[in-house]
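The sequence isn't on hand, but the structure is:
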Ligand SMILES: Nc1ncnc2c1ncn2[C@@H]1O[C@H](COP(=O)(O)OP(=O)(O)OP(=O)(O)O)[C@@H](O)[C@H]1O
Ligand SMILES: Nc1ccn([C@H]2C[C@H](O)[C@@H](COP(=O)(O)O)O2)c(=O)n1
């Protein structure tokens, strides 16, 4: 049962790869009775659709042109979020290594960002218009997508902790490959020209390295209750 307390607000959660944004955001949204938007899933779905079309993801002009014709649909129930590209349920495929490797160059293309930021703002407006709060997670939510969000969280964790958690999730014993993949994505995401991953000036930094998932969720729910 979802039950909202206080005035529903937009909560922006940004941070590097594998810092716990998705699990934390879903937990916070569930606890507050809010909607949940995973913007990374939208960039991944776009990447999946471009790979399906055989587009060279390193060719920014080709990516920008092909992106025009991709349709992305997201479901915002934190208990059962959904993601479709061109009518296909891509929740599984977008977590595969081919998409994970290609998603950072695709999301560095300004036109891709224009298209997806527009779609993300529509989702936020629909939730707010219906009187519901929403937790939105990504890389540029507090800085670009929802700069007026009353609560912005910048979620971090040590690289080693992030790699160990992600490797455990994937059933991998050797964390070195996972750590290299996280670091590569962080580098591309934080050095690209268009909306790089940066901490908003008014964001609250939460370091989850030594906190359980429940502790992180409880902390952010407390911050939200103070602002709603
Ligand atoms: N505080 C925590 N303590 C322990 N494990 C955690 C914590 N937060 C998240 N995790 C685990 O870390 C892994 C990565 O979390 P999650 O997928 O939520 O991160 P993310 O930031 O959304 O990643 P990505 O940027 O790749 O989408 C998951 O297995 C999750 O269960
Ligand atoms: N607001 C966002 C969300 C995501 N991205 C890019 C950068 C990530 O490497 C990729 C996948 O995101 P994840 O599923 O790992 O959270 O999408 C972005 O540029 N902006």
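All right, it came through fine. What you see is a predicted model; the values in this text were computed from it and never measured. Ligands and ions are numbered 1, 2, ... in the order given.

how far away is the one residue sitting closest to the centre of the chain from residue 67?
Nearest to the centroid of the C-alpha atoms of the chain, with distances taken as CA atoms, centre = their mean, sits residue 138, at 3.1 Å. Residue 138 sits 17 Å away from residue 67 when distances are taken as CB to CB, to the nearest Å. Every C-beta, even on glycine, is put in place using the N, C-alpha and C of the backbone.

and whichever residue of the chain sits closest to ligand 1, what does it touch?
Per CB to the nearest ligand atom, the residue of the chain with the smallest distance to ligand 1 is residue 20, at 2.9 Å. Contact partners of residue 20, counting by CB atoms under 8 Å, 6 or more residues apart in numbering, are 155, 157, 165, 208, 213, 216.

Check residue 50 too.
Each residue near residue 50 by CB under 8 Å, 6+ apart is listed here: 57, 63, 66-67, 70, 102, 106.

What does the pLDDT read for the residue nearest to residue 221 when sequence neighbours are not counted?
Once flanking residues are discounted, residue 221 sits nearest to residue 31: 5.0 Å by CB to CB, 6 or more residues apart in numbering. On the pLDDT scale, residue 31 is placed at 98.

A helix includes residue 205, no?
No. Residue 205 is assigned strand when assessed by DSSP: H, G, I helix; E, B strand; the rest coil, not a helix.

Setting aside sequence neighbours, what's the nearest residue to it?
With CB to CB, 6+ apart, the residue lying closest to residue 205 is residue 154, at 4.9 Å.

Then residue 23?
That would be residue 213: by CB to CB, 6+ apart, it lies 5.6 Å from residue 23.

Touching, residue 119 and residue 42? I think so.
Yes. Residue 119 sits in contact with residue 42 when judged by CB atoms under 8 Å, with a separation of 6.8 Å.
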